[in-house]
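K.L.:
coords please:
(chains A and B)
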Amino acid sequence: MTQALPLLVRERSPAHRGLQAAGFVVLAGLAIFASTSNPFQLGQLTIALLYATAIAGLNLATGYTGQLSIGHSAFFGLGAYTTGVLVASHNWNPLVTLIPAAVFCFATGLVVGLPSLRIRGINLALVTLALGVAFPELIDRFPGLTGGQVGLNINVFQLLPPHWTGISVAGRFQYYYWLSAGLLAIVLVLCATLTRSRAGLAMRATRDRETAAAAMGVNLAWTKMVVFGLSGAITGVAGSIFAIYLGSLSADASFTLTLSITLITGLVIGGVSTTLGPVIGGLAVYFVPYWTENIRQGEASELIFGVVLIVLMFVMPEGLMGLIIRLSRRILRIEPQPPARPGHRPGAVTPAPFDGGPTTVIHHDEEPNPA
Amino acid sequence: MQFFLDRLFDGISNGAIYAALALALVMVYRATGTINFAQGEMALFTTYLAWGLTTKGVPVALCLLVAAAAGFALGAASERVLVRPIEKHSLLATLIVLLGLFSVLNASDGLIWGKGNQSMPSLFPNTLQSYVSVLGARLYWANIGVWLLVAAVVALMFGLFNGTRLGLQMRATANNRESAALAGIPVGRILMLGWGISAAIGAIAGVLFTPLTPDSLGLGEMFPLLIYASAAALFGGLDSPGGAVIGGLLLGVAEVMLSAYVPAIGGQLQEAIAFVAIVAVLLIRPQGLFGTREVERV
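P.N.:
Now for the predicted structure:
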């Protein structure tokens, strides 16, 4: 091996910024390229991107904070039904309903996060499972509000693109696609910022060793509850746009445990605790079953899907994004910026101080750059 | 009284099955520290196998034994081939592999034995006349048979855990894998054995439960059962076999009683209510009723 590889790039240096910008351009280019698909494919992409957004929300709780949730289908459904009921029964503007949906799911997330203060690990997973099981039953129990087992239908005219977008009725799939792509972009930036901040450090510390985190001054109760609330809110807003796109809701069809399992699967396939893993995961859990269904119908497709799942985990237990990060580190490594100290000239040639240790830890499970 | 007893008998039968499956889940949890999401599908696969044999004229008792043996092989093989290589990576990766196994088994059932629902013949006399009267209520032989067989399985397990050298090795492995290995226990073989026994118990539960309702052998039969069994195991304490059995029985009886006496929540909300009750218990005792409290060395 020559000394040339891996290339070292200092964090927040012009070169690093350039790489990040290039990554954004590539992603934006991909999004624009995908938008030229036909309406049917646009519809598929819309759902896949909404799954990706929901998985990004799940990633905050399960990936970064270590609270395994098998109940996120309930948040997705709660967001969808909030939008559905407000639009169908109260004539709200669909886009405005995203706000109450987010607030409602955040509050529910706080309440569900409450048991996590005492209950941990796989036990907590089973508590969130309770949420996932209860949600469709609750929807069916209140048919006056939710339409019950019959389902909830929104008048299609209420869901058309608003005038200011200049999109015609025929081009409405473009509208739904960009709506979900825009939401995903916002959520990814939000998650990336959050997880690289001090709060993100507190989340990881909570995940990796609670006792040590508490000893370092992390407020465990606050961290766990707020993260679960935020996680639920993000997944819920994805559900809201799902309702806007689909126009008809049925809890027994769309928001059962199967969805929770799909989201978890996507998270692990894409890469737990990575920024872009949820995007890969969302696309994978939507399109892989679709393709296996094309190869063989019915049970055989389920069989292939199961085998694919097992093989994927054996080949890359850290997920696709985790694998990409690991491999790309051989070529390019981002050097963390040593923490700024009063009296030190930035970039001065001094050995990194020992107390820079925890700061370097942040970057170990992050991608070096989005490209 | 008669109405109450009828419900009680049904509840105990369901509860016995939940208890058996919960016991299976606990055994896997103690061995590997994870919930086996494929537990229900393993049981379904072996139940289909037993049903397939009965259609060829094999006596049901023999089918039960074959199913249990097949379950043992399936469980042990899953542990060795699928779980052990992946469990060192992460809990999440293990869960996904088990979900993959779930899909594979469920799909195989459909491919081998078809999609339509089937009726499974019972091990016990199972006509409308085969009952004894208890205070006017009908206690069917099929129910008594289920109770006795599950009780026998549970007794056998407790005998194994507490009365044999093998059971001691299993408990040591569950308690601390490294120390057990250092003490000369063949940990790998013990883990395989734990998974194998667990799947065999699941197979017995499946073969006993399915004949209780006509036309109930279908691809979706076991998933709700797995959910109830997980709830029961959680309620009793995930690492406590006794807790699993008690949790299963309580849940079975509570479920039937709720739908019989509280129509407002029965039927549509009974699963939700069962879960809410269990979460409430966990808030007071996070380790479940009989589980071991988690202690961390700092």
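K.L.:
now stretch B:44-53, how far from the centre of its chain.
P.N.:
Relative to its chain's centre, stretch B:44-53 lies at 16 Å (CA atoms, centre = their mean, to the nearest Å).
K.L.:
and the contacts of that stretch?
P.N.:
Here stretch B:44-53 makes contact (CB atoms under 8 Å, 6 or more residues apart in numbering or on different chains) with B:60, B:62-64, B:66-68, B:70-71, B:74, B:105-106, B:108-109, B:112-113, B:118, B:120, B:199, B:202-203, B:206-207, B:210, B:217, B:219, B:221-222. (C-beta placed from N, C-alpha, C; glycine too.)
K.L.:
next one: stretch A:148-168
P.N.:
With CB under 8 Å, 6+ apart, stretch A:148-168 has contacts from A:81, A:84-85, A:87-88, A:91, A:93-95, A:139-143, A:146-147, A:169, A:171-172, A:174-175, A:243-245, A:247-250, A:252-253.
K.L.:
are any of the contacts of stretch B:44-53 buried, and which?
P.N.:
Neighbour-count burial within these applies to B:60, B:63-64, B:66-68, B:70-71, B:74, B:105-106, B:108-109, B:113, B:118, B:120, B:199, B:202-203, B:206-207, B:210, B:217, B:219, B:221-222; the criterion is 16 or more other CB atoms under 10 Å in any protein chain shown.
K.L.:
name the element the most centrally placed residue in chain A belongs to?
P.N.:
For chain A, A:Ala56 is the residue whose C-alpha lies nearest the centre (CA atoms, centre = their mean; 0.9 Å). Per DSSP states H and E: A:Ala56 is located in helix A:39-58.
K.L.:
is chain B contacted by that helix?
P.N.:
No. Residues of helix A:39-58 are not located near chain B by CB under 8 Å from any CB of the partner chain, the shortest gap being 11.3 Å.
K.L.:
pLDDT wise, what is the residue nearest to the centre of chain A at?
P.N.:
pLDDT recorded at A:Ala56 is 97.
K.L.:
so what's it closest to, chain neighbours aside?
P.N.:
A:Pro278 (4.1 Å; CB to CB, 6 or more residues apart in numbering or on different chains).
K.L.:
which is the succeeding secondary structure element to the helix or strand encompassing that neighbour?
P.N.:
Using DSSP H and E, A:Pro278 sits in helix A:277-295. Sequence order places helix A:299-315 as the next helix or strand after helix A:277-295, per DSSP H and E.
K.L.:
so that next one, near chain B or not?
P.N.:
Yes. Interface with chain B: helix A:299-315 contributes A:299-303, A:305-310, A:313-314 (CB under 8 Å from any CB).
K.L.:
can you lay out the residues you listed as JSON lines showing neighbour count and pLDDT?
P.N.:
Below are those laid out as JSON lines (neighbours: other CB atoms under 10 Å in any protein chain shown; pLDDT from 0 to 100):
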{"residue": "A:Glu299", "neighbour count": "19", "pLDDT": "77"}
{"residue": "A:Ala300", "neighbour count": "16", "pLDDT": "82"}
{"residue": "A:Ser301", "neighbour count": "20", "pLDDT": "83"}
{"residue": "A:Glu302", "neighbour count": "23", "pLDDT": "84"}
{"residue": "A:Leu303", "neighbour count": "20", "pLDDT": "88"}
{"residue": "A:Phe305", "neighbour count": "21", "pLDDT": "85"}
{"residue": "A:Gly306", "neighbour count": "24", "pLDDT": "89"}
{"residue": "A:Val307", "neighbour count": "16", "pLDDT": "91"}
{"residue": "A:Val308", "neighbour count": "18", "pLDDT": "89"}
{"residue": "A:Leu309", "neighbour count": "25", "pLDDT": "89"}
{"residue": "A:Ile310", "neighbour count": "21", "pLDDT": "93"}
{"residue": "A:Met313", "neighbour count": "28", "pLDDT": "91"}
{"residue": "A:Phe314", "neighbour count": "15", "pLDDT": "93"}
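K.L.:
got a markdown table for these, with distance to B:Gln129 too?
P.N.:
What follows is the residues of helix A:299-315 next to chain B, written out as a markdown table (distance: CB to CB, whole Å):
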| residue | distance to B:Gln129 |
| --- | --- |
| A:Glu299 | 39 |
| A:Ala300 | 44 |
| A:Ser301 | 46 |
| A:Glu302 | 42 |
| A:Leu303 | 43 |
| A:Phe305 | 47 |
| A:Gly306 | 44 |
| A:Val307 | 48 |
| A:Val308 | 51 |
| A:Leu309 | 48 |
| A:Ile310 | 48 |
| A:Met313 | 52 |
| A:Phe314 | 54 |
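K.L.:
which residues in the stretch 101-250 of chain B form strands?
P.N.:
All strands of the stretch 101-250 of chain B, identified by DSSP state E, counting those that start in this stretch, fall at B:131-134, B:137-140.
K.L.:
sorry, that was for chain A
P.N.:
Counting by DSSP state E, the segments of chain A that form strands are A:7-10, A:152-153, A:248-249, A:332-335.
K.L.:
any residues touching the third one, and which ones?
P.N.:
Residues lying outside strand A:248-249 but in contact with it, judged by CB under 8 Å, 6+ apart, are A:77, A:80-81, A:84, A:147, A:151-154, A:243.
K.L.:
rerun that using 7 Å as the cut-off
P.N.:
Contact with strand A:248-249 is made by A:80-81, A:84, A:151-154, A:243, as judged by CB atoms under 7 Å, 6 or more residues apart in numbering or on different chains.
K.L.:
go on, stretch A:196-210?
P.N.:
A:64-66, A:194-195, A:212-213, A:216, A:218, A:220, A:223-224, A:227, A:362.
K.L.:
stretch B:31-38 now?
P.N.:
Against stretch B:31-38 from outside (CB under 7 Å, 6+ apart): A:122, B:25, B:28-29, B:83, B:87, B:91, B:94-95, B:98-99, B:101-102, B:105, B:173-174, B:191, B:194-195, B:230.
K.L.:
what mean pLDDT does stretch B:282-298 have?
P.N.:
Averaging pLDDT along stretch B:282-298 yields 77.
K.L.:
would you mind writing the CA trace of that stretch as PDB?
P.N.:
The C-alpha trace of stretch B:282-298 is given here as PDB (Å, rounded to 0.1, in the frame of the first residue of the first chain):
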ATOM      1  CA  LEU B 282     -44.400  -3.500  33.500                       C
ATOM      2  CA  LEU B 283     -44.400   0.100  34.700                       C
ATOM      3  CA  ILE B 284     -44.600  -1.100  38.200                       C
ATOM      4  CA  ARG B 285     -42.300  -4.200  37.700                       C
ATOM      5  CA  PRO B 286     -40.200  -3.600  34.600                       C
ATOM      6  CA  GLN B 287     -38.800  -7.100  34.700                       C
ATOM      7  CA  GLY B 288     -42.300  -8.700  34.600                       C
ATOM      8  CA  LEU B 289     -44.100 -10.600  37.400                       C
ATOM      9  CA  PHE B 290     -41.400 -13.200  38.000                       C
ATOM     10  CA  GLY B 291     -38.500 -12.000  36.000                       C
ATOM     11  CA  THR B 292     -35.000 -11.300  37.300                       C
ATOM     12  CA  ARG B 293     -34.300  -7.600  38.000                       C
ATOM     13  CA  GLU B 294     -31.600  -6.300  35.700                       C
ATOM     14  CA  VAL B 295     -28.600  -5.300  37.700                       C
ATOM     15  CA  GLU B 296     -25.700  -3.400  36.200                       C
ATOM     16  CA  ARG B 297     -22.200  -3.300  37.500                       C
ATOM     17  CA  VAL B 298     -20.700   0.100  37.100                       C
END
